[in-house]
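J.: the following block contains a protein sequence and its predicted model.
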Amino acid sequence: MSFREKLSWGVLLTMSAVWSFYFVRLGLKAADGSLTQDLVLWTMGACIAFSIAAQVGFSILAAASTPKAERDVVDEREQGMALKASYTAFVTMSGTLGALSAFGYNYALRHPDMLGPEPLAPALLLAANGFIFALVLSEVVRHAILITLLRRVG
């Protein structure tokens with residue numbers, strides 16, 4: 001397994017696990033009516049900290065298990081694969097943000113009183129988490145595509 005594939009596996013596994021936990025936890029709290037901004041802030045902070053620590057750990061493991069000469073070499077095929085994966089991730093993020101925007105607009109038309117007396121805080125919380133979801137999904141897609149392309153060539 002190449003160095004870049006090891007790094008992509010680390011990002012893919014970390015982001016999938018950490019952010020799945022985050023969104024499931026928030027969804028469950030929202031469903032039972034106990035979602036607060038403090039809970040979101042602390043959960044997000046813990047997820048970001050764990051994600052950074054895990055990815056640093058994966059990077060150290062990947063570097064330790066790969067010869068230095070192999071780590072430094074980036075050929076044109078790998079650059080092309082990274083470009084394809086990044087393009088797919090961008091399209092995924094754009095499509096996800098568009099779909100979330102359309103859903104929010106349609107939902108707000110059908111439920112004009114959904115935000116209650118203080119509409120700004122819940123709306124910002126939903127918008128921020130929708131954006132985070134789109135970013136996480138696009139990164140997971142990018143690394144999954146990159147792993148697939150690297151495996152095909154490797």
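T.: Okay, I see it.
J.: what's the burial count for Ala54?
T.: Close neighbours of Ala54, defined as other C-beta atoms under 10 Å, add up to 17. C-beta: built from backbone N, CA, C; applies to glycine.
J.: what pLDDT is listed against the closest residue to Gly10 other than its chain neighbours?
T.: Of all residues not flanking Gly10 in the chain, Phe58 sits nearest, at 2.7 Å (C-beta to C-beta, 6 or more residues apart in numbering). Phe58 carries a pLDDT value of 91.
J.: can you list contacts of the helix or strand of the chain with the lowest mean pLDDT?
T.: Lowest mean confidence among the helices and strands of the chain (mean pLDDT, DSSP states H and E): helix 68-72, at a mean of 75. Outside of helix 68-72, the residues within contact range by C-beta atoms under 8 Å, 6 or more residues apart in numbering are Ser2, Phe3, Ala63.
J.: excluding its backbone neighbours, what's nearest the most centrally placed residue in the chain?
T.: Centroid-nearest residue in the chain: Val136, 1.3 Å away (criterion: C-alpha atoms, centre = their mean). Ranked by C-beta to C-beta, 6+ apart and with sequence neighbours excluded, the top spatial neighbour of Val136 is Trp19, at 4.4 Å.
J.: which element is that neighbour on?
T.: Element membership for Trp19 (DSSP states H and E) is helix 3-31.
J.: so what secondary structure elements neighbour the next helix-or-strand element following that helix?
T.: Note on helix 3-31: by DSSP H and E, the next helix or strand toward the C-terminus is helix 37-64. Applying 3 or more C-beta pairs under 8 Å, 6 or more residues apart in numbering; DSSP states H and E, one finds that helix 37-64 makes contact with helix 3-31, helix 120-153.
J.: dump those to CSV, plus mean pLDDT and distance to Phe90.
T.: Shown next, in CSV, are the helices and strands packed on helix 37-64 (pLDDT from 0 to 100; distance: least, C-beta to C-beta, whole Å):
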stretch, mean pLDDT, distance to Phe90
helix 3-31, 90, 16
helix 120-153, 83, 7
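J.: could I get those helices as TSV with distance to Ser101?
T.: Below are the helices and strands packed on helix 37-64 laid out as TSV (distance: least, C-beta to C-beta, whole Å):
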stretch	distance to Ser101
helix 3-31	18
helix 120-153	8
